[in-house]
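# quick one, structure for this:
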Amino acid sequence: MMFYKKNQQKINGLWYPKSITWGKAITTDQVADQLAYFSTTTRGDAYAIVKNLGKVLSLYMAQGRTVKIDGVGTFYYTAAANKKGVQTAKEVSASQIVGVRVRFIPEVERDVNSKVVTRSMVDNNICWEEWGKTATSGGNTDSGNTGGDGGIEGDPLG
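Predicted coordinates for the structure are as follows:
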């Protein structure tokens, strides 16, 4: 079950549902337990793999490569510029890059008309409930982390 709050946009005054998360974040141990349950690996092996996944992804992405993980999606780096544009292409340099961002595109399957039919990390049977209207285990109506895109679909790169 997923939860939403009623959220009024400051720019136009209109109200929209905004997805929220609640409780503590799921831990690496919990992810390893589920991976072991759904596969033939032991909990310890699954834990070791998950712990090293970030290192492996960064190794490849630092080489300018994208990393596609079947059933999950594609990860890649983008450069964060200093917002100080220059007049000509000849003036562009690495000194304008002030950081690196990790981007992620969830895996999708498309039909013959290129319409998205499934997203690997999105359950097709999500039940949405307004936060505070139903009893939740371990939560209360005054907490909850806002997150997600408020149910807005579209280009994951903005």
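
# could you use CA atoms for every contact and neighbour count after this?
Fine.

# any idea of the pLDDT on the residue nearest the centre of the chain?
The centre of the chain sits closest to residue 104, judged by C-alpha atoms, centre = their mean, with a distance of 6.7 Å. Looking at residue 104, its pLDDT stands at 94.

# now do residue 117
72.

# that one against residue 110, yeah?
Yes: taking contacts as C-alpha atoms under 8 Å, residue 117 lies within contact range of residue 110: 5.3 Å.

# just the residues contacting the helix or strand where residue 35 lies, thanks.
Assigning secondary structure by DSSP states H and E places residue 35 in helix 28-38. By C-alpha atoms under 8 Å, 6 or more residues apart in numbering, the list of residues contacting helix 28-38 from outside reads 41-44, 46-47, 50-51.

# save the residues you listed as TSV, and put in pLDDT and neighbour count too.
Shown next, in TSV, are the contacts of helix 28-38 (pLDDT from 0 to 100; neighbours: other C-alpha atoms under 10 Å):
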residue	pLDDT	neighbour count
41	93	14
42	95	14
43	95	19
44	96	13
46	96	21
47	96	20
50	95	16
51	95	14
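
# would you mind giving the residues you listed as a markdown table with distance to residue 75 added?
Formatted as a markdown table, the contacts of helix 28-38 follow (distance: C-alpha to C-alpha, whole Å):
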| residue | distance to residue 75 |
| --- | --- |
| 41 | 24 |
| 42 | 26 |
| 43 | 25 |
| 44 | 25 |
| 46 | 20 |
| 47 | 21 |
| 50 | 15 |
| 51 | 17 |
